[in-house]
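**Student:** Provided below are the primary sequence and the corresponding predicted coordinates.
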Amino acid sequence: MNLKLTRRGVLAAALAGSISFTAGAAFAQEETIKVGVLHSLSGTMAISETTLKDTMLFLIDEQNKKGGVLGKKLEAVVVDPASDWPLFAEKARELISANKVAAVFGCWTSVSRKSVLPVFEELNNILFYPVQYEGEESQRNVFYTGAAPNQQAIPAVDYLMNEEGVERWVLAGTDYVYPQTTNKILAAYLEAKGVAKEDIMVNYTPFGHSDWQTIVTDIKNFGSTGKKTAVVSTINGDANVPFYKELANQGIKAEDIPVVAFSVGEEELAGLDTAPLVGHLTAWNYFQSVDTPENADFIAKWKAYIKNDKRVTNDPMEAHYIGFNMWVKAVEKAGTTDPDAVIDALVGVSVPNLSGGYSTMMPNHHITKPVLIGEIQADGQMETVWETPGVVVGDEWSDYLADSKDLIADWRAPMNCGNFNTASGKCGGKATN
Amino acid sequence: MQRRVQHCRQSRSLAVLPLLLAFVIAFLAPAHADEAQVRSIITKFGDAKGFPQIEAVVQELGATGDPVVARSLNALSDGVLHVRKADKQIFILEERGGLRVLDPLSGEAVADAGVARDYTKIRVNNGLRRTIRGVLGSLTLSASDPNARMRAADTLFQTPDPDAIETLDGAIAGESVPAVKMRLQQARAAAVLQSDLPDAQKEEAIALLGGMGDRAALSLLNGFAANAQGDLKSAAEGAADRINTTLAAWDMAQNVWFGLSLGSVLLLAAIGLAITFGVMGVINMAHGEMVMLGAYTTFAVQEAIRAGAPGLFDWSLLIAAPTAFLVAGAVGLAMERGIIRFLYGRPLETLLATWGVSLILQQAVRTIFGPNNREVGNPSWMSGSFELGQLAITWNRLWIVVFALAVFAVLLFVFNRTSWGLHMRAVTQNRRMAASMGIRTPWVDAFTFALGSGIAGIAGVALSQIGNVSPNLGQSYIIDSFMVVVFGGVGNLWGTLVGAMSLGVLNKFLEPYAGAVLGKILVLVLIILFIQKRPRGLFALKGRAVEA
């Protein structure tokens, strides 16, 4: 390399140095708290996760308008793990080690969450996970703001059984951990309720399955025995559109065989003509159609922020809303962003949710939420047809599975354990990962 | 919650009573309740809280036996019946091009409509819709429209009730349309099985239901056989067995149809690749993205039609097909001229470059249209299904089979019967010889690639009708496309056809036994084994072309 110094070069270097110095000083004056956003912006999951990234930017923007946290502005650090599960772990490490974020909001699929768990444990940071999941997990560094199975699947099945008189069940799902665990819990629950084995049909399909002719015909035949039949769908993501199209085309009406879905929300329905689907059900903890002042305010501000009047809101967005406000409140309570202090402060924090009540962080790091059952409307929105009278506490270890029914989680001292076995009285009844 | 549940159950079991009453009144006493009475019942919707109370009002309306209530019940079922907040009066709201407020009985527009915010929608759920369907079914048994009578007969068949036999007898005697009469007799037979009428009548009913041969009849017969004794039991079981035998044959036919339908989807996805990869030898990883571009073109065309000329919506696909061909073809042409022509004979670099292009196209579409699914509507002629014996054939699948075969035929014609096709074959078989004969080989390459891409775009139009339209659309078809082309034999269009159809049928015959996941794996394993045995696929090219 040429090291010859010219006069002009020295001048330029000096100038550059002085600029960077002043910039650094300006930066120091306004110290920020960094918040990590770990959602896929490309690849398969971008379809769902991009909205959550926008939601986080929106929430951080709103908080900064109110003056930030602890007198400091918040700064979002957005990374793109590109729907690549190992990359989630790398990006999480980058956020915590290189960017020194105070907390991370992110992940969608269970496999991405499992991939980052060791990183959060090792580097001792906080993850807010906003999506409904299969349960059977409780980690010190993770706060689960989405629904556990007892906050979504089980109330939905109860609704169908009691209000629609369903006696025969099709459990249809995509072939991965969330549907399989949920269906295992549901099958155990249904059998405990006296449903015969031959009245339960379980069916799995690959990711992105697009040819539903055979399965929809099977469902039709399964439902033609005279007993009231319903489909409990844990079909994920892209596969839903061809599934519902096939249902509509084969003339399966919600009055005859209703489908209750756990992964279909306002976002997913935005890509579908919902007129033939009216009456099919979804179970969530929030619908855009919920009629409360908090929700109206949230939707109006969201549409203004995103500058698009047609954008919808959905359940995982509300989960981030709750999780973010909980984190803000806990940081203010602890007076610091130090993860250990915030983790302790988070338990017991209670913030308003968008459906008119309060959600509280429980010692098992799951939150309390109401459960809503909605029917799909012709405009792509859900209309609540049933809801739990109060909020439901998230149950991390299912009571209906043999190897988890004795386990509880409590991250407060002195127990401080994510899998305490009440039968043996010891922590570590079952590996959490 | 518990109390509500019980209440609901009670009201359901009680539901039979007024329904029955409705039958009798509707049929025996055509003298209708006066309008004022009906109106006063409809007004009760204004105070009904919760579904059980709304259901009670529906039952009360049904009990009047007056067909005039059908309008308001249909409106309730469609979710357009509203309560005016100010005075709790009931109206039907129509929001097609401006708000129209209609009277629930006469259907005439009300003068001072106000705005939609002045009204609250009366909520409806599946249970209520079922109740409404039942109530309307009994009310319309004497309607003048044969379709309405058919629907009424269907409802009665689905809810067999011995007490309705008398009503049905009357309706059968007065029915003039043979199809409706047949359905009424079937409904009667279903009811007879549950009644305490003499055995001879039941045997007749069993014979009639056995003749229907479908699953509904099968479940009725099975249900009856479970509780019957002696001759009747064996007669019902015999009839059920016969239905089972015919249904097994129909199942076979159904699997073949599903297989052909899946095969035609595979064919559409693969046929463009059969040109770019099969004929030209370019490993085109961006093939799926050409399909995606076609699907997005359909979306754009439909949006334009929705905005500009909604009346043309049923024609949207016919407009989208040539547009998609041009869009994807143009992108293909640009790709060939810009990238691929520098990489002929270097398969690995081509693979990487086209893969890069596929990522660029995906992200471009994601940036322009957003990462979410876009809604592509089905024109009316592609919605619904029809029955062929015991087969339910959906229109969209049928049209896609027809469309795939048509595209195949056109392509075959272009290749074998036009001078352009001749040039294409000449260039791909012996480039230097073709060049010395005066063919401009670079342009033939470019247009062949554009043709393959354009065909992929057309496939996107068809595939948008059955699946997602999202930036990931292409990725879900790329593996299948390569599978079909390699299996069918590289360089042979017929191979692609036979390959696609046989993979489709194989998949659909495996699926009922192995499940969708294992079925797909089994197909892949079988293909691997097959390729071991015949590395050049089903229809291998022979002769000098192979060495080129």
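**Tutor:** Received it, and whenever you're ready, just let me know what you need.
**Student:** which residues of the stretch 351-500 of chain B fall in strands?
**Tutor:** Ranges of strands in the stretch 351-500 of chain B, per DSSP state E, counting those that start in this stretch, are B:385-388, B:391-394.
**Student:** for B:Leu93, helix, strand, or coil?
**Tutor:** Going by DSSP: H, G, I helix; E, B strand; the rest coil, the secondary structure assigned to B:Leu93 is strand.
**Student:** can you tell me which residues contact the nearest residue to it once chain neighbours are set aside?
**Tutor:** Nearest residue to B:Leu93, sequence neighbours excluded (C-beta to C-beta, 6 or more residues apart in numbering or on different chains): B:His82, at 4.8 Å. The way it works is simple: take the backbone N, C-alpha and C, and place the C-beta from them, glycine included. For B:His82, the contacting residues are B:90-93, B:119-122, by C-beta atoms under 8 Å, 6 or more residues apart in numbering or on different chains.
**Student:** same thing but at 10 Å, please
**Tutor:** B:45, B:75-76, B:89-93, B:101, B:104, B:116, B:118-122 (C-beta atoms under 10 Å, 6 or more residues apart in numbering or on different chains).
**Student:** any idea of the mean pLDDT in stretch B:474-481?
**Tutor:** For stretch B:474-481, mean pLDDT is 88.
**Student:** From the chain's centroid, how far away is it?
**Tutor:** Here stretch B:474-481 is found 22 Å from its chain centre; the criterion is C-alpha atoms, centre = their mean, to the nearest Å.
**Student:** Same question for stretch B:214-231.
**Tutor:** Put simply, stretch B:214-231 sits 31 Å off its chain's centre (C-alpha atoms, centre = their mean).
**Student:** in its sheet, what does the helix or strand harbouring the residue nearest to B:Leu93 sit against?
**Tutor:** Using DSSP states H and E, B:His82 sits in strand B:81-84. Strand B:81-84 has the following sheet partners, assigned by DSSP bridges: strand B:90-94 (antiparallel), strand B:119-121 (antiparallel).
**Student:** shaky segments in chain A?
**Tutor:** Where chain A drops to pLDDT under 70, the residues are A:1-30, A:429-433.
**Student:** Can you show me the helices along it?
**Tutor:** All helices of chain A, identified by DSSP state H, fall at A:7-29, A:46-65, A:85-93, A:110-123, A:153-163, A:177-192, A:213-222, A:240-249, A:266-269, A:293-306, A:315-334, A:339-346.
**Student:** nearest to B:Ser261, of the ones you listed?
**Tutor:** Ranking those by proximity to B:Ser261 (C-beta to C-beta) places helix A:213-222 first, at 6.5 Å.
**Student:** and that closest one, what does it pack onto?
**Tutor:** If you count contacts as 3 or more C-beta pairs under 10 Å, 6 or more residues apart in numbering or on different chains; DSSP states H and E, helix A:213-222 packs onto strand A:168-174, strand A:200-205, strand A:229-234, helix A:240-249, helix B:215-227, helix B:230-273, strand B:391-394, helix B:493-533.
**Student:** Number of residues surrounding residue 361?
**Tutor:** Reading this off chain A. Using other C-beta atoms under 10 Å in any protein chain shown, A:Met361 has 27 neighbouring residues.
**Student:** nope, chain B please
**Tutor:** Residues near B:Leu361, counting by other C-beta under 10 Å, number 20.
**Student:** got a list of what the spatially closest residue to it that is not a sequence neighbour touches?
**Tutor:** Distances taken as C-beta to C-beta, 6+ apart put B:Glu289 closest to B:Leu361, at 4.1 Å, once the chain neighbours are dropped. Neighbour list for B:Glu289: B:328, B:331, B:335, B:354, B:357-362, B:364-365, B:453, B:456, B:460, B:471, B:473-475, B:477-478 [criterion: C-beta under 10 Å, 6+ apart].
**Student:** before we move on, what about B:Lys181?
**Tutor:** Neighbouring residues of B:Lys181 by C-beta under 10 Å, 6+ apart: B:149, B:153, B:171-175.
**Student:** which residue is nearest the centroid of chain A?
**Tutor:** The residue lying closest to the centre of chain A (C-alpha atoms, centre = their mean) is A:Val131, at 1.1 Å.
**Student:** For chain B, see how far away that residue is.
**Tutor:** For A:Val131, the distance to chain B equals 16 Å [C-beta to the nearest C-beta, to the nearest Å].
**Student:** show me what contacts that residue?
**Tutor:** Remark: with contacts taken as C-beta under 10 Å, 6+ apart, A:Val131 is in contact with A:48-49, A:52, A:107-110, A:112-113, A:144-147, A:178, A:263, A:315-316, A:319-320.
**Student:** Over to A:Ala239?
**Tutor:** Shown in contact with A:Ala239 (C-beta under 10 Å, 6+ apart): A:172-174, A:205-210, A:212, A:233, A:263, B:467-468, B:476.
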